[in-house]
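> Curious how this folds, go ahead:
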Amino acid sequence: MMDERDRDDDFVARISGKLRAGVRGDASFTERVMSAVREEATQARAGHERLWLLRPRSVRFTPLGALALAATLAVAAVGVDRMVRSVRPSPDGRTAAAAPDTVHVIRFVLADSAARSVMLVGSFNGWNSASTPMQAFGDQGVWTVSLALPAGRHEYAFLVRDARGQRWVADPAALQLRDEFGVPSSIVVLGGRT
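Got it, this is the predicted structure:
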C-alpha cells in the first residue's frame, strides 16, 4: 500500500510543479496585447471609435428563432399601430386620447305572449328595473325597445311580469351565461371589443 501512496505523491508533485510554473508567452505576445489596448484607448479618446452598438456583427438564427422574432415584431407593430390610431388631435391642436365616437343602436326583442310588462335590465343601465321599459308591439306578445349603446361588451336580461309574478329571462336569441348564483343573462358585443 505504501508503494501506491508514494507513487501518487510523486505524481502529484510532478504535475503540481508544472501547474505552479508561470505560463510564459513569447516576447511578442505581451507587446501585441498592449499595442491593441493602447490603439483602442487612443481611438476612444479621439472620438473616432464607433459605439459598440453600431459595430457590425454577425447574428445567426435558427428557423424557429427567426419565426419567433418575426412574430414578436409583428405583435409590436400592431400594438404601436393601435396606440397611434387611438390618439388624435383635439380641436385646440393638442393631442388627446380618442373618445369612442361610434354608437350602436340595438333593438332588443322578446316574444312572450303571457307577459303583462317587460323591463330591460343590464350593465348599460346599472341593472335598474325601472329605467328601460319595453313596449308591446302588436297583439302577438312581442316586446321591443331600441337603445343607443357604445362599443364594448354588455350583459343584459329581461324582467318579465305576468300572471304568476315576476321572472328574470335571458334573451333566447343571444349568447347566454349564468352568474355565480345561477341567474341567466345574455351578452351582446358591439364594435369588436370584448
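
> Number of residues surrounding Arg116?
The tally of other residues near Arg116 (other C-beta atoms under 10 Å) stands at 11. Any C-beta I mention is one placed from the backbone N, CA and C, and that applies to glycine too.

> With Ala41 instead?
11.

> what pairs with Tyr156 across the strands?
Gly122, Ser186 (DSSP bridges).

> Quick check: it touching Met119?
No - using C-beta atoms under 8 Å, Tyr156 is not in contact with Met119, being 10.7 Å away.

> Between these two, point out the one with more neighbours.
Set Tyr156 next to Met119 and count neighbours by other C-beta under 10 Å: Tyr156 wins out with 23 against 20.

> show me what contacts the more buried one?
By C-beta atoms under 8 Å, 6 or more residues apart in numbering, the residues touching Tyr156 are 108, 120-124, 171, 185-188.

> same thing but at 7 Å, please
Applying C-beta atoms under 7 Å, 6 or more residues apart in numbering to Tyr156 gives the contacts 120-123, 185-186, 188.

> Where does the prediction get shaky in the chain?
Within the chain, the stretches with pLDDT under 70 are 1-2, 18-25, 44-55, 83-101, 192-194.

> Tell me where it has strands.
Listed in chain order, the strands found in the chain under DSSP state E are 87-89, 95-97, 103-111, 117-122, 135-137, 142-150, 152-162, 165-169, 175-178, 184-190.

> Alpha carbons of the lengthiest helix in the chain, as CSV, please.
Criterion DSSP state H: the longest helix present in the chain is helix 63-85. Extracted C-alpha coordinates of helix 63-85, given in CSV (Å, rounded to 0.1, in the frame of the first residue of the first chain):
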residue,chain,number,x,y,z
PRO,A,63,-35.6,29.0,-38.4
LEU,A,64,-37.7,28.7,-35.2
GLY,A,65,-35.9,31.6,-33.6
ALA,A,66,-36.4,33.7,-36.7
LEU,A,67,-40.1,32.9,-36.7
ALA,A,68,-40.4,33.9,-33.0
LEU,A,69,-38.5,37.1,-33.7
ALA,A,70,-40.8,37.9,-36.7
ALA,A,71,-43.9,37.2,-34.6
THR,A,72,-42.7,39.4,-31.8
LEU,A,73,-42.0,42.3,-34.3
ALA,A,74,-45.5,41.8,-35.9
VAL,A,75,-47.2,42.0,-32.5
ALA,A,76,-45.2,45.0,-31.5
ALA,A,77,-46.1,46.7,-34.9
VAL,A,78,-49.8,46.0,-34.3
GLY,A,79,-49.6,47.4,-30.8
VAL,A,80,-47.9,50.6,-32.0
ASP,A,81,-50.4,50.9,-34.8
ARG,A,82,-53.3,50.6,-32.3
MET,A,83,-51.7,53.1,-30.0
VAL,A,84,-51.2,55.6,-32.8
ARG,A,85,-54.8,55.2,-34.0
